[in-house]
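# I need the structure of the sequence given here:
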Amino acid sequence: MYLMKIKGSGKIPVYLQIRDDNFTLIAYFRADRITQGLEKNNMEEYDSLISACVDNMDFGNMKYIENIK
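Residues are numbered from 1 along each chain as shown. Down below sits the predicted model:
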């Protein structure tokens with residue numbers, strides 16, 4: 001699984017994308033609402049892992065996350 005941080009501008013907030021190993025989009029949600037976005041996509045077990053990664057990530061870069069499921 002891959003995590004990407006998308007930069008917003010002005011009124012557009014920062015978003016996160018989660019993609020599978022084939023780069024198919026699995027989830028897309030605001031970075032300031034990580035818990036809500038993960039709950040909506042049934043991925044609650046990734047909350048602490050993604051929250052820790054997001055602060056250190058640069059915009060537009062992908063980070064590989066080991067699939068827990």
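# burial count for the residue nearest to residue 25 when sequence neighbours are not counted?
Using CB to CB, 6 or more residues apart in numbering and skipping residues adjacent in sequence, the residue nearest residue 25 is residue 19, 5.7 Å away. Glycine gets a C-beta too; all of them are placed from N, C-alpha and C. When neighbours are counted by other CB atoms under 10 Å, residue 19 registers 16.
# ok, residue 64 next?
9.
# cool, the one 3 residues further on as well?
Taking other CB under 10 Å as the criterion, the count of residues near residue 67 is 9.
# how about the contacts made by the closest residue to it other than its chain neighbours?
Take residue 67 and drop its neighbours on the chain: the residue closest to it by CB to CB, 6+ apart is residue 1, 5.1 Å away. With contacts defined as CB atoms under 8 Å, 6 or more residues apart in numbering, residue 1 is in contact with 18, 19, 20, 21, 26, 64, 65, 66, 67.
# and of the residues you listed, the nearest to residue 36?
residue 18 (13.8 Å; CB to CB).
# what strand or helix carries that closest one?
Residue 18 is located in strand 15-19, with elements delineated by DSSP states H and E.
# just the CA atoms of that strand, as CSV, please.
The C-alpha coordinates for strand 15-19 follow below in CSV (Å, rounded to 0.1, in the frame of the first residue of the first chain):
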residue,chain,number,x,y,z
TYR,A,15,-5.3,15.7,1.1
LEU,A,16,-4.0,12.1,1.5
GLN,A,17,-4.3,9.3,-1.0
ILE,A,18,-4.0,5.7,-0.2
ARG,A,19,-3.3,3.4,-3.2
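# please identify the buried residues of the helix or strand that it is followed by?
Reading on from strand 15-19 to the C-terminus, the next helix or strand found by DSSP H and E is strand 25-30. With burial defined by 16 or more other CB atoms under 10 Å, the residues of strand 25-30 counted as buried are 27, 29.
# how about stretch 34-47?
34, 37, 38, 43, 46.
# I'd say the second one and residue 15 touch.
No: at 9.2 Å, residue 37 does not count as touching residue 15 under the criterion of CB atoms under 8 Å.
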